[in-house]
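**Student:** sequence first, predicted model second:
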Amino acid sequence: MAAPAEFLQYIDANADAFIQRLADAVAIPSISGDAKRRGDVVRMAHWLNDQLKALGVDTKLVDLGKQDLDGQELELPPAILGTLGADPAKKTVLIYGHFDVQPANKSDGWNTDPFTLVVNKENGQLIGRGSSDDKGPILGWLNVLQYHHDKGIPLPVNLKFCFEGMEESGSEGLDELVQNESKPGGYFNGVDCACISDNYWLNTRTPVLTYGLRGLTYFKVTVSGPARDLHSGVFGRTVHEPMTDLIHLLGKLVDPQGNILVPGVEEMVPPADEDEKAIYQKLDYSTTDIEEAAGNTIALTSNKVDLLMGRMRNPSLSLHGIEGAFSEAGAKTVIPAKVSGKFSIRLVPPQTPEAVDPLVIAYLKSEFAKLNSKNTLIIENLHGGKPWVADHTHWNFEAAKKATKAVYKQDPDLTREGGSIPVTLTFAESLGVNVLLLPMGRGDDGAHSTNEKLDRSNFIEGSKLLGSYLYELAALTKSQ
């Protein structure tokens with residue numbers, strides 16, 4: 001069942017109003033990993049809740065408890081649960097998204113204020129933190145609801161919503177909520193399938209459907225020694241320096257070609273056979289695509305299959321930053337008393353945090369012992385999530401394939417994604433339903449990076465795609 005022509009025309013006709021609503025959302029700096037911004041995450045939750053209620057959604061804000069963040073006990077931002085429609089003759093679709101964002105400051109290298117949506121009239125880019133990840137896609141669903149609300153037309157399916165404000169910080173508190181509400185009589189009772197729009201195309205030209213995600217385990221490694229910061233002229237080469245120990249440890253985790261050096265981690269994953277490699281060879285992707293998205297010619301290899309497997313089906317380890325070290329302008333000759341390095345490993349089946357974490361911790365302790373340092377080592381796991389793979393021949397995916405062909409006039413690529421959305425597997429396991437990832441943004445959107453953007457065409461055509469997907473689902477019977 002194709003979406004009504006009137007719906008497609010409505011999305012086009014109201015594009016400017018939809019972009020203004022996105023600007024309003026981007027203006028709220030809902031950074032979940034910053035204690036000082038927790039109030040803004042809560043404000044974003046209430047803003048989104050009000051938007052949903054205005055479009056006829058029956059909502060409730062759910063308290064998820066507390067968390068300890070950098071020594072502070074904070075209230076977790078509320079999750080938003082919503083319901084629209086309860087027709088037993090229709091399919092019920094669960095929609096998930098997140099309204100928190102990654103940190104962003106203009107001083108990081110942004111060309112504009114990250115929390116002021118800038119519309120580039122020349123290329124159509126909508127530039128601002130959260131425009132692509134994940135406020136734009138959430139508002140794409142609201143654009144679909146707007147049409148049906150304004151025209152008084154019932155949706156072709158029943159909808160359940162689950163929006164959270166902690167995805168960028170490990171989705172704290174959400175797993176328990178989903179598990180509880182998936183039980184008989186729970187809020188998600190009767191859900192037939194789930195859809196998440198929180199990832200991206202491989203490139204800038206070919207839409208995709210995603211059936212797999214890597215998992216994640218995130219570590220903080222702290223080395224401390226002196227009682228205070230020291231003068232390097234007085235104490236250099238006389239004491240064990242925490243920074244020296246930390247740099248040594250971080251350098252033992254991964255090599256310049258991306259190979260993980262922690263014994264046993266890479267070995268968990270069986271090598272790809274020729275049939276699997278052929279899947280990656282068929283995808284519309286090249287070395288040029290990743291280098292254009294990265295902004296420089298820095299790909300690890302020119303082999304397309306190896307690049308795609310490195311992104312989708314193999315684990316990776318990335319170093320993210322160091323706390324406690326001097327990083328300002330000038331030349332301060334200090335020996336830091338305490339430094340913390342942060343790194344994460346993206347996991348693939350059959351890896352899990354429970355299996356990988358002990359290997360990482362044992363390896364770090366072993367390497368630290370070899371230094372014969374008198375400093376102290378502390379290893380913390382900040383958060384993690386399991387990888388996920390779905391059946392892409394399921395009717396949920398078939399509906400999305402038809403919708404993509406209708407909107408973009410081409411068949412989508414089927415991909416596994418390198419990123420992590422921790423709750424995806426929780427939905428799949430708790431509800432026992434197929435979960436589809438239906439991305440809105442392009443591969444060069446720069447999510448988590450400076451100058452994050454969402455192309456105007458992707459926002460508008462992506463809104464049409466989300467609505468068309470619901471109509472295609474309605475054409476399928478529950479017996480499929």
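**Tutor:** Great, that's in hand.
**Student:** please, where are all the helices along the protein?
**Tutor:** 5-13, 15-26, 38-54, 135-151, 174-181, 232-235, 242-251, 274-282, 287-294, 304-312, 353-370, 395-408, 423-431, 456-474 (DSSP state H).
**Student:** return the set of buried residues in the longest one.
**Tutor:** For helix 456-474, a neighbour-count test (16 or more other C-beta atoms under 10 Å) marks 456, 458-474 as buried. All C-beta atoms are positioned from the backbone trio N, CA, C, and that covers glycine.
**Student:** among the helices of the chain, which comes closest to V93?
**Tutor:** When the helices of the chain are compared by C-beta to C-beta, helix 456-474 sits nearest V93, at 6.4 Å.
**Student:** ok, V144 - contacts?
**Tutor:** Neighbouring residues of V144 by C-beta atoms under 8 Å, 6 or more residues apart in numbering: 7, 463, 466-467, 470.
**Student:** measure stretch 34-42 end to end?
**Tutor:** The first and final residues of stretch 34-42 sit 13 Å from each other (C-alpha to C-alpha, to the nearest Å).
**Student:** now do the buried residues in that stretch.
**Tutor:** In stretch 34-42, counting by 16+ other C-beta under 10 Å, buried: 34, 37-38, 40-42.
**Student:** quick check, nearest of the residues you listed to V262?
**Tutor:** Nearest member of the buried residues of stretch 34-42 to V262, counting by C-beta to C-beta, is D34, at 29.6 Å.
**Student:** and stretch 215-226, what's its mean pLDDT?
**Tutor:** Here stretch 215-226 scores 97 as its mean pLDDT.
**Student:** buried residues of it, list them for me.
**Tutor:** By 16+ other C-beta under 10 Å, the buried positions in stretch 215-226 come out as 215-219, 221-226.
**Student:** can you check stretch 145-154 too?
**Tutor:** Buried residues in stretch 145-154 (16+ other C-beta under 10 Å): 145-149.
**Student:** nearest to R205, of these?
**Tutor:** Nearest to R205 among those, with distances taken as C-beta to C-beta, is Y147, at 27.2 Å.
**Student:** buried ones in stretch 221-241?
**Tutor:** The neighbour-count check on stretch 221-241 (16+ other C-beta under 10 Å) flags 221-226, 230, 241 as buried.
**Student:** tell me which residues are up against it.
**Tutor:** 242-243, 245-246, 249-250, 333-343, 364, 368, 373-380.
**Student:** can you check stretch 151-159 too?
**Tutor:** 1, 6, 10, 57, 82-87, 90-95, 145, 147-148, 470-471, 473-474.
**Student:** ok, now with 6 Å
**Tutor:** 84-87, 90-93, 148, 470-471, 473-474 (C-beta atoms under 6 Å, 6 or more residues apart in numbering).
**Student:** ok, now stretch 160-167?
**Tutor:** Among residues not part of stretch 160-167, those counted as contacts by C-beta under 6 Å, 6+ apart are 32, 41, 45, 77, 79-83, 94-100, 172, 174, 188, 191.
**Student:** among the residues you listed, which ones are buried?
**Tutor:** 32, 41, 45, 77, 79-83, 94-100, 172, 174, 188, 191.
**Student:** measure the closest residue to L347 other than its chain neighbours to G441 for me?
**Tutor:** What sits nearest to L347 in space, not counting adjacent residues and going by C-beta to C-beta, 6 or more residues apart in numbering, is G215, at 3.6 Å. Separation of G215 from G441 (C-beta to C-beta, to the nearest Å): 21 Å.
**Student:** now do I28
**Tutor:** For I28 relative to G441 (C-beta to C-beta), the value is 19 Å.
**Student:** circling back to that earlier point, please pick the buried ones from the contacts of stretch 221-241.
**Tutor:** Neighbour counting by 16+ other C-beta under 10 Å classes 242-243, 245-246, 249-250, 335-343, 364, 368, 373, 375, 377, 379 among the contacts of stretch 221-241 as buried.
**Student:** picking up where we left off before, go through the buried residues of stretch 215-226 and say which is closest to G295.
**Tutor:** L216 (24.0 Å).
**Student:** which two among the contacts of stretch 151-159 are spaced furthest apart?
**Tutor:** A86 and Y471 (18.8 Å).
**Student:** about what we covered before: more neighbours, I28 and G441?
**Tutor:** Per other C-beta atoms under 10 Å, whichever of I28 and G441 has more neighbours is G441, with 26 against 22.
**Student:** for that one, which non-adjacent residue is spatially closest?
**Tutor:** Excluding the flanking residues, the one nearest G441 by C-beta to C-beta, 6+ apart is S132, at 4.0 Å.
**Student:** now do the end-to-end distance for stretch 426-436.
**Tutor:** 13 Å.
**Student:** only the buried residues of that stretch, if you could.
**Tutor:** Buried residues in stretch 426-436, counted by 16+ other C-beta under 10 Å: 426-431, 433-436.
**Student:** who's in contact with the closest residue in space to I260 that isn't next to it in sequence?
**Tutor:** Nearest non-adjacent residue to I260, counting by C-beta to C-beta, 6+ apart: L317, 4.7 Å away. By C-beta under 6 Å, 6+ apart, the contact set of L317 is 253-254, 260, 345.
**Student:** then G82?
**Tutor:** G82 sits next to 52, 57, 59, 161 when contact means C-beta under 6 Å, 6+ apart.
**Student:** K386 too?
**Tutor:** 215, 352, 425.
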